[in-house]
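In: The sequence isn't on hand, but the structure is:
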């Protein structure tokens, strides 16, 4: 640590679902903080937040808010990062951004510390935190790539509504209550608040997360595809994704098919590898019905992996089931982890 | 029709979730019935059911219950079919069985009328109705196989709890209510009633349907794999499956990746093909957020297909999203449809 009393850290989007988790995670991890600045839109400014017994007033995020800030964690939408991220950098801060604003920029490292921590060395002030569904998948795939090589990935996701924000969780809960009480409820948020149509999520599954691109894939699916290649440094990796929203509040699940580049690898070899891999908890004991489930992952930083088995026909093909708290490893925890790596690597001025 | 006043039809398991749907479907389809015999276990015998204004008393299913029965629809568990199916056949009935008891027997046709109706010609009295998750997938795949060939299928399912019976639906609803009211609820049915552990299904996803086999796959997954090959007459087809239970009451969804044997086929070619295929309703207009969802399929006989798109890397690879009412096309409707085919082909004595 190059600052005796810790760092001046700012959280931008402090009132959002992820922002709240970022503050909590900074505290849980005892991140070395000298001063904590909480920023938000003008609408939420003035609110007071209790952080470890200290009352902090949330301020409106402006360029000058970043004077003296050394580490700024952004999670307030891509437009906010595009506007204020460079302002924070200009004032000497290093930005860890949870939006998609800069993720695919060649100059911006896109980092999951278990996978590509050393990419942090080459940055222009902004570090991008990947998409939630991408993070948990690459944590599970990276040890496999390292030992056996990786050729192809086909993933189908089972994603929680909290990925669409706190209002989406509220919609799921209120809508569920209405349906159980035989009352009407008009969907207003999911699948995508800014899109034309909104659909029931309670007791349903919606095969749309984020808007559609011209190629028939959603932006969420293309994020998984493109970000995975960038984080793993595998531009030739074949990746396809189908992303689906479920009536689950917190915890993304993924059914992942992958093909390796080595022969004669068994499912037990993969299990043994992932058992000791960083950030992973192996939960794979079918005989005793042990496998990951979203209801069990909430509030935990780990990526849970189970149901590892060989494809019936393809000797180099395997299936696994990957679950993680999308607000923690998928967002707040990975961002704080990046901040910890930046400190460890001496990259915070 | 070879019987002027219709057939003597028996429904075995008349009080179950599928049995109830069978009776309803026979009525909706105006199936030619001279006499309707409703059978169940001793426990439910004596109950009265109103069928089209006529009160019918449910009787205990015994060998002699099948005297004079020409078509017997079974949906009362594999052990009941194993015991009473041959008794019904001995008395001259043709049995349409919704359990897995005889599905993989070489002498038993496993039939989805849109796919392999002519297999009905070669039977020993018992026709098997495939597993719900298999049926909707092969309806969507068969037109593709016919025109372009089919090499490989990888499916991840999103299955409704009604596949585990009426008690599982009750568990989902009561558990959801308890969680919303901050009350405790001990799971007793899902994922598999007869298995050791039971888990929360409300606001969760459980990657187990039916029990596990030694190879790490569940019986449900192996059913999808083996039944698909048998129904489509493709023993060499590569099929893998991951089956997951969702907090959805009715309507199975499937994320299906498939590889064809032809080059230069576009997603639009596949869409045009499925648009006019039997049993299929194409719902595929991403620009207007049109895609199938379980909440919209309930009570309909069709298989709904959407989100058809080419794989990013594999020219012969495609993805699609397939949804259907698991109690209708997945069970009751397919069984009644088989009975209709038997009549049409002159196979009912």
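Out: Done, it's in. What you see is a predicted model; the values in this text were computed from it and never measured.
In: Could you give the number of residues near residue A:171?
Out: Residue A:171 has 24 neighbours, counted by other CB atoms under 10 Å in any protein chain shown. Yep, even glycine has a C-beta here, placed from its N, CA and C like the rest.
In: ok, residue A:184 - how many residues close by?
Out: Using other CB under 10 Å, residue A:184 has 7 other residues around it.
In: Let me see the contact set for it.
Out: Taking CB atoms under 8 Å, 6 or more residues apart in numbering or on different chains, we find residue A:184 in contact with residue A:178.
In: Now it: phi and psi?
Out: Note on residue A:184: its backbone torsions stand at phi -80, psi 160 [degrees, to the nearest 10].
In: and residue A:318, what are its bridge partners?
Out: Beta-bridge pairing for residue A:318 (DSSP bridges): residue A:258, residue A:310.
In: I'd say it and residue A:266 touch.
Out: No: shown here, residue A:318 and residue A:266 do not form a contact pair, counting by CB atoms under 8 Å, at 9.5 Å.
In: higher neighbour count, these two?
Out: Between residue A:318 and residue A:266, counted using other CB under 10 Å, residue A:318 has the larger neighbour count: 23 against 12.
In: Residue A:250 reaches residue A:300, doesn't it?
Out: No: between residue A:250 and residue A:300 there is no contact under CB under 8 Å: 10.6 Å.
In: residues contacting the closest residue to residue A:294 other than its chain neighbours?
Out: Among residues not flanking residue A:294 along the chain, residue A:251 sits closest, at 2.8 Å (CB to CB, 6 or more residues apart in numbering or on different chains). Residue A:251 makes contacts with A:160, A:293-295, A:297-298, A:323-326, as judged by CB under 8 Å, 6+ apart.
In: of all those residues, which comes closest to chain B?
Out: For those, the residue nearest chain B by CB to the nearest CB is residue A:295; the value is 4.0 Å.
In: What ranges does chain A have for its strands?
Out: A:7-12, A:33-40, A:48-51, A:54-57, A:59-60, A:71-74, A:94-97, A:126-128, A:150-158, A:238-242, A:252-260, A:280-282, A:303-310, A:317-324 (DSSP state E).
In: what's the most buried one of the ones you listed?
Out: Compared across these, strand A:71-74 shows the largest average neighbour count, a mean of 29 (mean count of other CB atoms under 10 Å in any protein chain shown).
In: Let me see the mean pLDDT of that strand.
Out: Across strand A:71-74, the average pLDDT comes to 98.
In: and what of stretch A:79-92?
Out: Mean predicted lDDT for stretch A:79-92 stands at 98.
In: for it, which positions count as buried?
Out: By neighbour count on 16 or more other CB atoms under 10 Å in any protein chain shown, the buried set for stretch A:79-92 is A:80-81, A:84-89, A:91.
In: Dihedrals phi and psi, the residue of chain A most remote from its centre?
Out: In terms of distance from the mean C-alpha position of chain A, residue A:182 ranks first, at 35.4 Å (CA atoms, centre = their mean). Residue A:182 has phi and psi values of phi 60, psi 30 when expressed as degrees, to the nearest 10.
In: Quickly note the distance from it to residue B:182.
Out: In this view, residue A:182 and residue B:182 are 21 Å apart by CB to CB, to the nearest Å.
In: go on, residue A:287?
Out: Taking CB to CB, one finds residue A:287 at 34 Å from residue B:182.
In: Let me know the angle separating the longest helix along chain A from strand A:150-158.
Out: The longest helix of chain A (DSSP state H) is helix A:132-148. Our comparison of helix A:132-148 with strand A:150-158, counting by axes from the mean of the first three to the mean of the last three CA atoms, to 10 degrees, yields an angle of 150 degrees.
In: just checking, what packs against helix A:132-148?
Out: helix A:113-116, strand A:150-158, helix A:219-231, strand A:252-260, helix A:267-275, strand A:280-282, strand A:303-310, strand A:317-324 (3 or more CB pairs under 8 Å, 6 or more residues apart in numbering or on different chains; DSSP states H and E).
In: Could you tell me how many residues sit around residue A:167?
Out: Neighbour tally, residue A:167, other CB under 10 Å: 15.
In: State the distance from it to residue A:189.
Out: Noted for residue A:167: a distance of 5 Å to residue A:189, by CB to CB.
In: Please apply the same query to residue A:19.
Out: From residue A:19 across to residue A:189, the span is 18 Å (CB to CB).
In: same question, residue A:229
Out: 31 Å.
In: Over to residue A:168?
Out: 5 Å.
In: closest point of the stretch 51-200 of chain A to chain B, which residue?
Out: residue A:156 (3.8 Å).
In: partner residues bridging that residue?
Out: Using DSSP bridges, the beta-bridge partners of residue A:156 come out as residue A:242, residue A:255.
In: wait, it sits on residue A:252?
Out: No: using CB under 8 Å as the test, residue A:156 is too far from residue A:252 to be in contact (11.7 Å).
In: what residues does the stretch 51-200 of chain A put near chain B?
Out: Residues of the stretch 51-200 of chain A lying near chain B by CB under 8 Å from any CB of the partner chain: A:152, A:154, A:156, A:158, A:173, A:176-177, A:180, A:191, A:195-197, A:199-200.
In: I'd like to know which of the residues you listed are buried.
Out: Buried by 16+ other CB under 10 Å: A:152, A:154, A:156, A:158, A:173, A:176-177, A:180, A:191, A:199-200, out of these.
In: could I get those residues as a markdown table with pLDDT?
Out: Output for these, formatted as a markdown table (pLDDT from 0 to 100):
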| residue | pLDDT |
| --- | --- |
| A:152 | 98 |
| A:154 | 98 |
| A:156 | 99 |
| A:158 | 98 |
| A:173 | 98 |
| A:176 | 98 |
| A:177 | 97 |
| A:180 | 95 |
| A:191 | 98 |
| A:199 | 98 |
| A:200 | 98 |
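In: show me what contacts the nearest residue to residue A:309 once chain neighbours are set aside?
Out: Closest residue to residue A:309 apart from its sequence neighbours, by CB to CB, 6+ apart: residue B:216 at 3.4 Å. Taking CB under 8 Å, 6+ apart, we find residue B:216 in contact with A:267, A:286, A:307-310.
In: of all those residues, which comes closest to residue A:339?
Out: Checking the contacts of residue B:216 against residue A:339 by CB to CB gives residue A:308 as the nearest, at 31.8 Å.
In: before we move on, back to that, same list (the contacts of residue A:251) but as a markdown table, adding pLDDT.
Out: A markdown table is the format used below for the contacts of residue A:251 (pLDDT from 0 to 100):
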| residue | pLDDT |
| --- | --- |
| A:160 | 98 |
| A:293 | 98 |
| A:294 | 98 |
| A:295 | 98 |
| A:297 | 98 |
| A:298 | 98 |
| A:323 | 98 |
| A:324 | 98 |
| A:325 | 98 |
| A:326 | 98 |
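In: Buried among those? Need that as a selection in PyMOL.
Out: The buried residues among those can be selected in PyMOL (16+ other CB under 10 Å) with this line:
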select buried, chain A and resi 160+293+294+295+297+298+323+324+325+326
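In: among the contacts of residue A:251, which are in helices?
Out: Mapping the contacts of residue A:251 onto helices (DSSP H) picks out A:294-295, A:297.
In: Residue A:167 contacts residue A:198, correct?
Out: No: Residue A:167 is beyond contact range of residue A:198, at 11.7 Å (criterion: CB under 8 Å).
In: Need the overlap of contacts for the two.
Out: Counting by CB under 8 Å, 6+ apart, the residues touching both residue A:167 and residue A:198 are residue A:189.
In: on that earlier part again, higher neighbour count, residue A:19 and residue A:189?
Out: Comparing residue A:19 with residue A:189 by other CB under 10 Å, the one with more neighbours is residue A:19, at 27 against 18.
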